[in-house]
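**Student:** Coordinates only, no sequence provided:
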């Protein structure tokens, strides 16, 4: 199996789990945050929906200069907008990976802020760390936000505690 096919399979599986989390985000609480040093929920959910886009960006460029980029996040105000953003970024990532050879994943990529180079790594390492792992980290963070708001957490790698209680309640009401 080529490198891109394994990554595409992982991305699609994880995108399904991400979708389940993002469906639960109450966009009317976009400004809520659990702590003064925490990111607002809307910003965090937007970041989670955008992170798969790093895959396409990494594969189609040789570097990102934070000092010259013109990034202005748009915080979705509805669940539909949030899910559409995720789908758009996942689709871009899949398309970029479908067109990438194993050699493309070995090419070097740099993150810089002007003259300051933060790192230069093979594109596969950037994708695994800055896209996949970074995505999972923030998705987990978002699940904590939901828990603190007493919003049931969907299972991502099997049933969650909340999923199990729904099953128990359904069985109890059936008897």
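**Tutor:** Done, it's in. Since the model is a prediction, treat every value here as computed from it, not as a measurement.
**Student:** other SSEs contacting the strand or helix carrying residue 119?
**Tutor:** Taking DSSP states H and E as the criterion, residue 119 maps to strand 116-122. Secondary-structure packing of strand 116-122 (3 or more CB pairs under 8 Å, 6 or more residues apart in numbering; DSSP states H and E): strand 108-113. Placement of C-beta: from N, CA and C, glycine included.
**Student:** contact partners of the strand it packs on?
**Tutor:** For strand 108-113, contacts defined as CB atoms under 8 Å, 6 or more residues apart in numbering pick out 58, 61-67, 117-123, 126, 130.
**Student:** Generate a ChimeraX selection restricted to the buried subset of those residues.
**Tutor:** Paste this into ChimeraX to select the buried members of the contacts of strand 108-113, with burial taken from 16 or more other CB atoms under 10 Å:
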select :58,64,121,123,126,130
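**Student:** Please tell me how far the closest residue to residue 154 other than its chain neighbours sits from residue 99.
**Tutor:** Counting by CB to CB, 6 or more residues apart in numbering, residue 20 is the residue found nearest to residue 154 once chain neighbours are left out, at 3.9 Å. Distance of residue 20 to residue 99, given as CB to CB, to the nearest Å: 28 Å.
**Student:** next one: residue 129
**Tutor:** Where residue 99 is concerned, residue 129 sits at a distance of 22 Å (CB to CB).
**Student:** out of residue 20 and residue 99, which sits in the more crowded spot?
**Tutor:** Ranked by neighbour count (other CB atoms under 10 Å), residue 20 and residue 99 place residue 20 first, with 16 against 12.
**Student:** Regarding that one, what is its secondary structure?
**Tutor:** Three-state assignment for residue 20 (DSSP: H, G, I helix; E, B strand; the rest coil): helix.
**Student:** Residue 32 now?
**Tutor:** At residue 32 the chain is in coil, as set by three-state DSSP.
**Student:** what's around it, how many residues?
**Tutor:** Count around residue 32 with other CB under 10 Å applied: 14.
**Student:** which secondary element of this protein has the worst mean pLDDT?
**Tutor:** Least confident helix or strand, the chain: helix 161-174 with a mean of 68, by mean pLDDT, DSSP states H and E.
**Student:** mind listing the helices for this structure?
**Tutor:** With DSSP state H as the criterion, the chain has helices at 3-22, 41-50, 53-60, 79-98, 102-106, 123-126, 134-148, 161-174.
**Student:** low pLDDT regions in the protein?
**Tutor:** Low-confidence segments of the chain, defined by pLDDT under 70: 166-175.
**Student:** Residue 155 contacts residue 163, correct?
**Tutor:** Yes - the pair residue 155 / residue 163 is scored as a contact, 4.7 Å apart, by CB atoms under 8 Å.
**Student:** show me what contacts residue 95?
**Tutor:** Applying CB under 8 Å, 6+ apart, we find residue 95 in contact with residue 56.
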